[in-house]
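1. Structure, please.
(one chain, ligands or ions: 1)
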Amino acid sequence: MQRRLVIAIDGPSGAGKSTVARSVAQRLGYRFVESGAMYRAVALLALRNKTSLEDDRALAKLAETAAMRFEQKDGVNYLFLNGEDVTEAIRSPEVTDASSIVSTHQEVRNHLVKSQQEMGSEGGVVMEGRDIGTRVFPNAELKIFLTGSAEVRASRRYREMDGKIATASEEVLRDMAERDRRDQQRKVSPLVAAEDAIMIDTTNLTADEVVEKIIVLAGMRAQ
Ligand code: DC
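-> Here you go, the predicted structure:
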């Protein structure tokens, strides 16, 4: 019997974390958790309730009381927030921007990190985000940090949007750079590779090639 690992995949936006983490989880029969979706869900609630994005207390309360449930079906990772399917709603540009501010609040992070730790407590999970290897699972058996040139990451994001919203590619690059800066410079749990993380530069790799590398590493760690 192989051990069921906790696999932490961190990195900046557009490095391919979600695509790669989803495939790795599918291949191994593990649970896949997209932690960014949880920050997005709190941001969505805040925008709907007109809660100030500076109001620590109110945002923390939203994070504490929101019921979030992931469900994987036909290759799609659905998120239900208080029973409502918000899979699409959390991907809007407004929510994307708000989530990067919401995620700077310590109390919000404390609540979401606790839920994430519970989701992975029994192993057999691939969790992707910014602080999974440093804060959520500092003892994860396998930690991966995906990087990639800003241009390549922005063009992936642009293609992902698939013409759904009218945004120029330069704008995507600029917005992404701003969110990267916020993620890297925030005081609490900034985006940084764990010391024991394995770095994979995805600039010249396909998602499948990255997945293969991680599957090999996971096989070695699970023995
Ligand atoms: O991965 P994403 O773009 O869906 O994440 C949305 C925001 O949440 C992003 O600005 C970074 C933040 N985030 C975080 O601070 N910590 C995580 N573990 C995951 C995401």
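2. do the helix or strand of the chain with the lowest mean pLDDT and the ligand meet?
-> Ranked by mean pLDDT, DSSP states H and E, the weakest helix or strand in the chain is helix 150-161, scoring a mean of 83. No. Interface with the ligand: helix 150-161 contributes nothing (CB under 6 Å from any ligand atom), its closest point being 9.1 Å away. Bear in mind the C-beta positions are built from the backbone N, C-alpha and C, glycine included.
3. Identify each buried residue in that helix, please.
-> Neighbour-count burial for helix 150-161, counted by 16 or more other CB atoms under 10 Å, picks out 152-154, 156-158.
4. This protein: strands as residue ranges?
-> 6-10, 31-34, 68-73, 76-81, 84-85, 125-129, 142-147, 198-201 (DSSP state E).
5. With mean neighbour count added, can I get the ones you listed in TSV?
-> As requested, these are exported to TSV (neighbours: other CB atoms under 10 Å):
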stretch	mean neighbour count
strand 6-10	28
strand 31-34	20
strand 68-73	12
strand 76-81	16
strand 84-85	12
strand 125-129	28
strand 142-147	23
strand 198-201	15
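6. and the least confident helix or strand of the chain with strand 142-147, angle?
-> 100 degrees (axes from the mean of the first three to the mean of the last three CA atoms, to 10 degrees).
7. In the protein, spot the helix with the most residues.
-> helix 169-185 (DSSP state H).
8. what residues does that helix touch?
-> 12-14, 93, 96-97, 100-101, 103-104, 130, 150-151, 153-155, 157-158, 161, 190-192 (CB atoms under 8 Å, 6 or more residues apart in numbering).
9. what do you get for stretch 187-203?
-> 8, 10-12, 15-16, 104-106, 109, 130-131, 133-135, 138, 142-149, 152, 180, 183-184, 210, 213-214, 217.
10. filter these to the buried ones?
-> 8, 10-12, 15-16, 104-105, 109, 130-131, 133-135, 142-146, 148, 152, 180, 183, 210, 213-214, 217.
11. Where does pLDDT dip in this structure?
-> 1, 162-167 (pLDDT under 70).
12. try it again with 50
-> Nowhere does the chain drop to pLDDT under 50.
13. Up against the ligand, what does it have?
-> So far as CB under 6 Å from any ligand atom goes, the chain lies against the ligand at 13, 35-37, 39-40, 99-100, 103, 129-131, 179, 183.
14. need the residues you listed in JSON lines with distance to Thr206, can you?
-> What follows is the residues of the chain next to the ligand, written out as JSON lines (distance: CB to CB, whole Å):
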{"residue": "Ser13", "distance to Thr206": "18"}
{"residue": "Ser35", "distance to Thr206": "24"}
{"residue": "Gly36", "distance to Thr206": "22"}
{"residue": "Ala37", "distance to Thr206": "24"}
{"residue": "Tyr39", "distance to Thr206": "28"}
{"residue": "Arg40", "distance to Thr206": "26"}
{"residue": "Ser99", "distance to Thr206": "27"}
{"residue": "Ser100", "distance to Thr206": "27"}
{"residue": "Ser103", "distance to Thr206": "29"}
{"residue": "Gly129", "distance to Thr206": "22"}
{"residue": "Arg130", "distance to Thr206": "23"}
{"residue": "Asp131", "distance to Thr206": "27"}
{"residue": "Arg179", "distance to Thr206": "24"}
{"residue": "Asp183", "distance to Thr206": "25"}
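15. Cross those against helices and list the overlap.
-> Short answer: these in helices (DSSP H) are 35-37, 39-40, 99-100, 179, 183.
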